[in-house]
Structure formats: C-alpha cells, structure tokens
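> need coordinates for the below:
(one chain, ligands or ions: 1)
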Amino acid sequence: MAEPVLQISNLVKSFGALRATDDVTIDLHPGEIHALIGPNGAGKSTLIHQICGTHAPNSGTIRFMGEDITHLGVAARARKGLGRTFQISSIAPEFSALRNVMLAVQARQGSSFRFFRPVRSDASLTGPAMTALERVGLAGRASLPVAELSHGERRQLEIAIALALGSRAFLLDEPMAGMGPEGSRALTSFLADLKQEAPILLVEHDMDAVFALADRISVLVYGKIIATGTVEEIRRDPAVRTAYLGDHD
Ligand SMILES: Nc1ncnc2c1ncn2[C@@H]1O[C@H](COP(=O)(O)OP(=O)(O)OP(=O)(O)O)[C@@H](O)[C@H]1O
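Presented below is the predicted three-dimensional model:
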C-alpha cells in the first residue's frame, strides 16, 4: 500500500484529569475518505485541533507527507498543504466569493513579490479562483458578497479556498451540519470526487453520508479508537454497535 499522507501515532491530549485523546493511532492514505465517528464528547474535535495545530498534544507524533509536523504551528502546516476547512471565520464576509478565493490563490503563489498589485484586477488570480469556484458549483455566485451566501454555499466556498490553497489533505469537521437534504446530497457527490485530488479525514454525524462516502471508518469513544475498518466491518463490529451504532441501521 502507498505511504500514508497523514500518520498519527500514539497521540495523547489531556485536559486536567480527562484524557480527551487517549493513545490514538490513525492514518490517511492517498485517494481515501477516512471517517472519524463517535458520540458527542468522544474527542473528535480535539483530535482535529491537534492535527491542524491549534492544540498541542501531550505526547505522540503527527507525520504529514513523511515529515514530523507535531511541533509546527497552524500556518506552517497550512503552507505544507494540511488545511482544516470550514473555519467560516477565516472568510472575509464583506468580500465577494471570488475575491476570497483569489486571496487563497495569491497566498499559494507566495504574495511577497506581488504585494502592491491590486488583487481584483489580476488575471493570474481570477483564472485559478474561478476554476476552483466552478469545481464546487459556485461560479454563478462568484460576485456576491459572502454575507449573501447561504450556509451551505459558504461551506462550498471553504472547499474552493482549500482547493485554491493547494491542500494535499482535507480535514473536514462536520461539513454536512446545517445543510438541507439537497445540499447534503450535492456535497456527498462532490466529496466523492474531491478525494481523488487529496484524501479526506471526515468528522461527520450524518451516518448516511458517512456510509455512502467512507472508504474506512474509525470509531472514537472516550478518546480511544475502538475500531477501524470498512463500512461493512464497522457495521458488523459488536463493540461499535454496543458503544455507538446500535440505532443507525
Ligand atoms: N479546551 C478544553 N478544555 C477542557 N476540556 C475540553 C476542552 N475541549 C474539549 N474538552 C473535553 O474533551 C472531551 C472531548 O471533546 P470534543 O469536543 O473533542 O468531542 P467531540 O467528539 O468533538 O464532540 P462533538 O461530537 O459533540 O463535537 C469532552 O469531554 C470535552 O468536554
């Protein structure tokens, strides 16, 4: 099998007496969607925070594209192509969707030497930005201020920004949250396509989406991974059914 893009080994994160991440080992291979599921408070967000660099683990390692990134900051990880999407706050709401993606293209190109050029008029930015917007189905909304986009459209915009930044892996934290059935269906089909570009670690409560999309699933309970396997293996796993899935099929 190909080398994992992301390899998390024996990660531990405690908050006082609580081990929110308890010796977690999990990896992400090229071309796959690996879903991380578990009950509320299981530690999914805490794990994502450590992968993107907003929380420092107490012990364990995180390797990305073969490099130990355990002690790198958020910006350094993002520059390497490890980006958490759906941080809505990172979008500038007064700017258009297009301009937000152009800023991401500019960041990827390394902005220092073009610092004084107006972003709005630069075709080397608008072209790739429009391509990213087309890929997520937002080209028709490109000129609208982000404040006028729906919740679902903002999530599509986040993916466009991640594409424009050249992400080598996507960390998606509940992308379906707040979406209607139609939006969820559209996003499901888009993510199935997106994983070919870069693998996806997906935290998601919508089990229909998880079962439709995941190549592998890991189940987190009280900070520990209790099982990792294919959709069928996870559905059949007695420990998973007891701890979490009993009422989902
Ligand atoms: N900054 C913090 N300080 C103290 N405890 C925390 C902190 N962040 C999370 N926790 C605790 O760590 C545990 C794991 O929380 P986390 O938010 O990672 O779970 P989750 O699986 O993402 O939950 P949900 O599905 O509800 O989003 C919980 O018991 C939570 O209360």
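
> burial count for the closest residue in space to residue 241 that isn't next to it in sequence?
Closest residue in space to residue 241, ignoring its immediate chain neighbours: residue 235 at 8.0 Å, by CB to CB, 6 or more residues apart in numbering. For the C-beta atoms, the positions are set from N, CA and C on the backbone; glycine is no exception. The number of residues packed near residue 235 is 15, by other CB atoms under 10 Å.

> gap between residue 235 and residue 144?
41 Å (CB to CB, to the nearest Å).

> how about residue 28?
Counting by CB to CB - residue 28 and residue 144 are separated by 34 Å.

> and for residue 224?
Relative to residue 144, and taking CB to CB, residue 224 is found at 44 Å.

> rewinding a little: with neighbour numbers in mind, choose between residue 28 and residue 144.
Between residue 28 and residue 144, residue 28 has the larger neighbour count (other CB under 10 Å), namely 24 against 14.

> residue 14 touches residue 46, doesn't it?
No. Contact status for residue 14 versus residue 46: not in contact, 10.0 Å apart, counting by CB atoms under 8 Å.

> find residues that contact each of these two.
residue 20 (CB atoms under 8 Å, 6 or more residues apart in numbering).

> give me the more crowded residue out of these two.
residue 46 (22 against 14).

> list the contacts of that one.
Residue 46 neighbours (CB under 8 Å, 6+ apart): 13, 20-21, 55, 223.

> so which of these reach the ligand?
With the criterion set as CB under 6 Å from any ligand atom, the members of these near the ligand are residue 20.

> switch the contacts of residue 46 over to a markdown table; also include neighbour count.
Output for those, formatted as a markdown table (neighbours: other CB atoms under 10 Å):
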| residue | neighbour count |
| --- | --- |
| 13 | 22 |
| 20 | 22 |
| 21 | 27 |
| 55 | 17 |
| 223 | 23 |
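
> pLDDT, distance to residue 209 and secondary structure added to the contacts of residue 46, as JSON lines?
Shown next, in JSON lines, are these (pLDDT from 0 to 100; distance: CB to CB, whole Å; DSSP: H, G, I helix; E, B strand; the rest coil):
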{"residue": "13", "pLDDT": "98", "distance to residue 209": "27", "secondary structure": "strand"}
{"residue": "20", "pLDDT": "98", "distance to residue 209": "25", "secondary structure": "strand"}
{"residue": "21", "pLDDT": "98", "distance to residue 209": "24", "secondary structure": "strand"}
{"residue": "55", "pLDDT": "95", "distance to residue 209": "26", "secondary structure": "coil"}
{"residue": "223", "pLDDT": "97", "distance to residue 209": "24", "secondary structure": "coil"}
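
> show me where the chain dips below the pLDDT cut-off.
Across the chain, the ranges flagged by pLDDT under 70 are 1, 84-91, 110-121, 245-249.

> for the ligand, what are the nearby residues on it?
Checking the chain against the ligand by CB under 6 Å from any ligand atom, the hits are 15, 18, 20, 38, 40-46.

> cutoff 5 Å now
Counting by CB under 5 Å from any ligand atom, the chain comes close to the ligand at 15, 20, 40-46.

> so which of these are in strands?
Among those, the residues falling in strands (DSSP state E) are 15, 20.

> of the residues of the chain next to the ligand - the most surrounded one?
In the residues of the chain next to the ligand, the most neighbours by other CB under 10 Å go to residue 43, 26 neighbours.

> isn't that residue right next to residue 223, touching?
Yes. Assessed by CB under 8 Å, residue 43 is found in contact with residue 223 at 4.3 Å.

> what do these two both touch?
20-22, 24.

> out of these, flag the one nearest to residue 150.
Closest approach to residue 150 among the shared contacts of residue 43 and residue 223 (CB to CB): residue 20, at 32.8 Å.

> contacting residues around the closest one?
Residue 20 neighbours (CB under 8 Å, 6+ apart): 13-14, 43, 46, 223.
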